[in-house]
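1. Using only what follows, build the 3D model:
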Amino acid sequence: MGRLDGKVAIISGAASGMGAVEAKLFAAEGASVVLGDIQDEMGKAVEKEIGKDAAYLRLDVTDETDWVRAVETAVRRFGKLNVLVNNAGTAGRAPFAMLEEQSEEDWDRVMGVNSTGTFLGIKHAVPEMRKAGGGSIINISSVYGLVGSASGAAYPASKGAVRILSKSAAVQYAKEGIRVNSVHPGFIETPQSASLMNDPVARQKLVDRTPIGRIGTSEDIAYGVLFLASDESSYITGAELVLDGGITAE
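-> Below you'll find the model as predicted:
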């Protein structure tokens, strides 16, 4: 038996990177998966790879009507909703800008995707999870949702918001069997981080900052997300799963 047999999940940002790996792993473990993203061609390719247990739809996480449609799609196609992974995220157009250099436009964009998008996902998933008798919501934050950054302003602020939002939702819905947890990746090799990871000097600096001695993979994160989605974590809510190779331990 798979670890997610019979469960139905929505994963945002599922067309590439961590979201795509999570979607494939969920399906391999028995789940039906709704894949949400704004990268339509890539999202449809992931849907095709997974097969009948996947449904792709365009999901701009800052658009409330898109979230309504995503939840409706899960229920119409697969009968219910048990798991939500708020995976979609952005570092913005100026991820390393110092606070005084941060434009209001980019600030709003990053907060909109990372924080408001997570809020909207929770808001619209909860009613269907309640009907299903409970569920698991996993919100992807970052190590920079736990500690400050020497550069950048919007990204760590948005990821810190995800962390505390997760705790508030966990407390509010615990008695209904809806668990809410945050995941805090360290330095992970994804398409979003490619420009940084492809610079040998910058990459080595990140490796040097990671006690375990390597850059993380999407699979490293996906298996943690799988655990939180499964019934194996039934006593865990309001928690922070830190998957950072030891960065925040120092």
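
2. list the helices and strands the least confident helix or strand in the chain by mean pLDDT packs on?
-> Across the helices and strands of the chain, mean pLDDT, DSSP states H and E gives its lowest value to helix 194-197, namely a mean of 73. Contacts defined by 3 or more Cβ pairs under 8 Å, 6 or more residues apart in numbering; DSSP states H and E place helix 194-197 against helix 200-208. Bear in mind the C-beta positions are built from the backbone N, C-alpha and C, glycine included.

3. show me the contacts for the most centrally placed residue in the chain.
-> The residue lying closest to the centre of the chain (Cα atoms, centre = their mean) is Asn87, at 2.0 Å. By Cβ atoms under 8 Å, 6 or more residues apart in numbering, Asn87 lies in contact with 11-14, 18-19, 22, 140.

4. got it, and Met18?
-> Contacts of Met18 by Cβ under 8 Å, 6+ apart are 87, 140, 185, 188, 190, 218, 221-222.

5. list the buried ones in the least confident helix or strand of the chain?
-> With burial defined by 16 or more other Cβ atoms under 10 Å, the residues of helix 194-197 counted as buried are 196-197.

6. tally of neighbours for Ala229?
-> 29 (other Cβ atoms under 10 Å).

7. That one contacts Arg179, correct?
-> No: counting by Cβ atoms under 8 Å, Ala229 does not reach Arg179; the two are 9.6 Å apart.

8. List the buried residues of the host helix or strand of Leu165.
-> Under the criterion of DSSP states H and E, Leu165 resides in helix 154-173. Applying a neighbour-count criterion of 16+ other Cβ under 10 Å, one finds 154-163, 165-167, 169-170, 173 buried in helix 154-173.

9. That one - what's its average pLDDT?
-> Mean pLDDT, helix 154-173: 97.

10. Okay, angle between the helix or strand following it and helix 154-173 too, please.
-> Sequence order places strand 178-185 as the next helix or strand after helix 154-173, per DSSP H and E. Per axes from the mean of the first three to the mean of the last three Cα atoms, to 10 degrees, the angle that strand 178-185 makes with helix 154-173 is 160 degrees.
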